[in-house]
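Trainee: Kindly return the folded structure for what I paste below:
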Amino acid sequence: MVPRSPPTVATCGSVNVDITAFCERLPRPGETVMGRRYTIALGGKGANQAVAVSRLGGRSIFVGRIGTDAFGALARRRLAELGVELDHLASDPNAPTGVAVIDVDRRAENSIIVIGGANLAVGEADVDAAKPALQLADALLLQLETPLAASLAAARLVRAAAGVVILDPAPAPIGGLDDEVFRAADVISPNETETETLVGILPTNPREAAAAASRLLARGAPAAIIKMGARGVYYRDSKSEGFVPPFSVRAVNSVGAGDCFNGGLAMALARGDPLADAVRFAAACGALATTGPGGADSAPTLEAVERLTSGGG
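Mentor: Below is the predicted model of the structure:
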């Protein structure tokens, strides 16, 4: 038997450098708190998702932009070290590399300020240049930290080549999204606050998540996955629905957990897993990501995910 090739997953999205401060509690407006330590590491929702795919054994192709500054050099080096293919990661001489300034408290809750930089210059020309690579993709990961026009162009290319398109609608725009955006993806995977922004329901349990998913499907999304963090994950499409309870792990940092969830989801759907199995696999990826330092460096290996899903802890 000829060994099956690993899935190819493309990511069109953001690259940031994360500057993370760890503190006892998050500061209130106007307040200064003393932190314990800080880190500087690779981040950005796109980069995190691409690394998650690579760590799980997939072929990970990235389309995006960084600056020509020191942070850009750091980001490119780390992405390459983590196995992401960077032929279509452009260096923009006119914009700085994106940066995220993150506070994390002792409960692993976080607040984040993102400065988009070169991410905001990603355009349809970048997608056109990557067309041959995108047409090879079994799945495409999208987020909203880069311009929507480029994401929609990438989605059209991948869907035309029979690939699966997964949209993480983060950060969710205050005015919501047009129905054409929901129809452009095969799966939409908001968290609780993004769900509230998009459909007016803040889900805290499976019943509320089901109501929110119904609204997302009514807007044109073929499948909806509602990520509720420590409360679990609800999913629904035209043929099935269900709930995946949270995995029991010792969380230390939730930054990037949703991105690892989506990377795992893309891998599972790209290899042909049914939605229910793909969501459970993705939930394990997200849970394990909370046990690490945050961002791309928290992405789990396939072996760790399989151990957790099989009950090995």
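
Trainee: where in the chain is pLDDT low?
Mentor: 1-4, 253, 294-295, 312-313 (pLDDT under 70).

Trainee: Roughly how far does the residue most central in space within it sit from A154?
Mentor: Computing the C-alpha centroid of the chain and ranking residues by C-alpha atoms, centre = their mean puts D259 first, at 2.8 Å. Distance of D259 to A154, computed by C-beta to C-beta, to the nearest Å: 17 Å. All C-beta spots, glycine's among them, are computed from the backbone N, C-alpha and C.

Trainee: helices or strands next to the strand or helix carrying the residue nearest to the centre of the chain in the packing?
Mentor: Element membership for D259 (DSSP states H and E) is helix 257-270. Applying 3 or more C-beta pairs under 8 Å, 6 or more residues apart in numbering; DSSP states H and E, we find helix 257-270 packed against strand 8-12, helix 45-55, strand 139-142, strand 164-167, strand 223-227, helix 275-289.

Trainee: Try it again at 7 Å.
Mentor: When contacts are defined as 3 or more C-beta pairs under 7 Å, 6 or more residues apart in numbering; DSSP states H and E, helix 257-270 sits against strand 8-12, helix 45-55, strand 139-142, strand 164-167, helix 275-289.

Trainee: in stretch 111-123, what's buried?
Mentor: 114, 116-122 (16 or more other C-beta atoms under 10 Å).

Trainee: between those, which is nearest I201?
Mentor: V114 (25.1 Å; C-beta to C-beta).

Trainee: Who is the closest one paired with across the strands?
Mentor: For V114, the beta-bridge partners are A100 (DSSP bridges).

Trainee: got a list of what it touches?
Mentor: By C-beta atoms under 7 Å, 6 or more residues apart in numbering, the contact set of V114 is 16, 98, 100, 145.

Trainee: Please flag which of the residues you listed sit within strands.
Mentor: 16, 98, 100 (DSSP state E).

Trainee: Kindly present the residues you listed as a markdown table, with separate columns for neighbour count and distance to V165.
Mentor: A markdown table is the format used below for the ones in strands among the contacts of V114 (neighbours: other C-beta atoms under 10 Å; distance: C-beta to C-beta, whole Å):
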| residue | neighbour count | distance to V165 |
| --- | --- | --- |
| N16 | 32 | 22 |
| G98 | 30 | 23 |
| A100 | 22 | 25 |
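
Trainee: Turn these into a markdown table, columns for distance to T193.
Mentor: Shown next, in a markdown table, are these (distance: C-beta to C-beta, whole Å):
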| residue | distance to T193 |
| --- | --- |
| N16 | 19 |
| G98 | 21 |
| A100 | 17 |
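
Trainee: T20 and R37 touch, don't they?
Mentor: No - the pair T20 / R37 is not scored as a contact, 9.0 Å apart, by C-beta atoms under 7 Å.

Trainee: neighbour count winner among the two?
Mentor: Applying other C-beta atoms under 10 Å to T20 and R37 shows that T20 carries more neighbours, namely 23 against 8.

Trainee: Who are the contact partners of that one?
Mentor: So T20 contacts 38-39, 102, 104, 255, 294 (C-beta under 7 Å, 6+ apart).

Trainee: SS state for it?
Mentor: strand (DSSP: H, G, I helix; E, B strand; the rest coil).

Trainee: Same list, the helices and strands packed on helix 257-270, but as CSV with mean neighbour count and distance to P29 please.
Mentor: Formatted as CSV, those follow (neighbours: other C-beta atoms under 10 Å; distance: least, C-beta to C-beta, whole Å):
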stretch, mean neighbour count, distance to P29
strand 8-12, 29, 35
helix 45-55, 31, 26
strand 139-142, 30, 33
strand 164-167, 26, 32
helix 275-289, 24, 29
